[in-house]
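Q: build me a model:
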Amino acid sequence: MQIPDHTNTCNHDTDLPVGSLVIEEPVTVLTNILLASVCFWVYRRIKRELSGHPVNRLYARFFLVMSAATLLGGIFGHAFCGTLGIAWKLPGWLLSMVAVMFAERASIVHTGQVLPSGLLAFFRWMNIAELLVLVTLTLASLNFFFVEFHAFYGFVGVVGVFESWHLYKTGNK
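A: Here you go, the predicted model:
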């Protein structure tokens, strides 16, 4: 299997000159700022309106860290990607991976009430191990593929499977 090369993702056809400053991929940057704002808004709503249950705290962290990741990704990874270089995409990439880990952890903890305690401990450990492996691969390769893979694996393979199992075992939607 060949891993796609996403290291040179800047599209200079859409640059927006603002005086001596050039903002690259302005539509993507605007989208990232809007998404970061929505994530931060959701974080604030969870903190204000939901109980301090561990699952709610983990999802609040997911939205807070994803807000920061999306904002940094928009600024460093898109607006100035040609000027700053590929390494400046890492703050957004790595924070997004940590955010996905919080969503995975939330679903593991949520499903923990219907899992044997030994299995719950195993999945908590695996949650950290898979994050460390994929972060290491991302840092070593500077390739966005591992960030994409982590998001897919995290939301489909972990959150989707664990929440489906929880629904199956409890019937609680």
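Q: CA only for contacts and neighbour counts going forward, please
A: Noted.
Q: immediately after the helix or strand bottoming out on mean pLDDT in the chain, which helix or strand?
A: Ranked by mean pLDDT, DSSP states H and E, the weakest helix or strand in the chain is strand 16-18, scoring a mean of 67. Per DSSP states H and E, the first helix or strand lying C-terminal to strand 16-18 is strand 21-23.
Q: that following strand packs against which elements?
A: Applying 3 or more C-alpha pairs under 8 Å, 6 or more residues apart in numbering; DSSP states H and E, one finds that strand 21-23 contacts strand 16-18.
Q: look up phi and psi at the residue of the chain most remote from its centre.
A: Most distant from the centre of the chain: residue 19, at 33.4 Å, with distances by C-alpha atoms, centre = their mean. Residue 19 adopts backbone torsions of phi 70, psi -130, taken as degrees, to the nearest 10.
Q: what about it, distance to residue 158?
A: Separation of residue 19 from residue 158 (C-alpha to C-alpha, to the nearest Å): 46 Å.
Q: what about the spatially most central residue of the chain, which SS state?
A: Nearest residue to the geometric centre of the chain (C-alpha atoms, centre = their mean): residue 96, 2.9 Å. Using DSSP: H, G, I helix; E, B strand; the rest coil, the structure places residue 96 in helix.
Q: pull the contacting residues for it.
A: The contact partners of residue 96, taken as C-alpha atoms under 8 Å, 6 or more residues apart in numbering, are 65-66, 69-70, 147.
Q: pLDDT wise, what is it at?
A: Looking at residue 96, its pLDDT is 98.
Q: can you check residue 74 too?
A: In this model, residue 74 is scored at 94, pLDDT.
Q: for the remainder of this discussion, apply numbering that starts at 880.
A: Noted, 880 is the first residue going forward, which turns the last one into residue 953.
Q: low-scoring stretches of this structure, by residue?
A: Applying pLDDT under 70 to the chain flags residues 880-892, 895-896.
Q: the helix or strand where residue 919 lies: which residues count as buried?
A: Using DSSP H and E, residue 919 maps to helix 905-928. Using 16 or more other C-alpha atoms under 10 Å as the test for burial, helix 905-928 gives 905-906, 908, 911-912, 914-916, 918-919, 921-922, 925-926.
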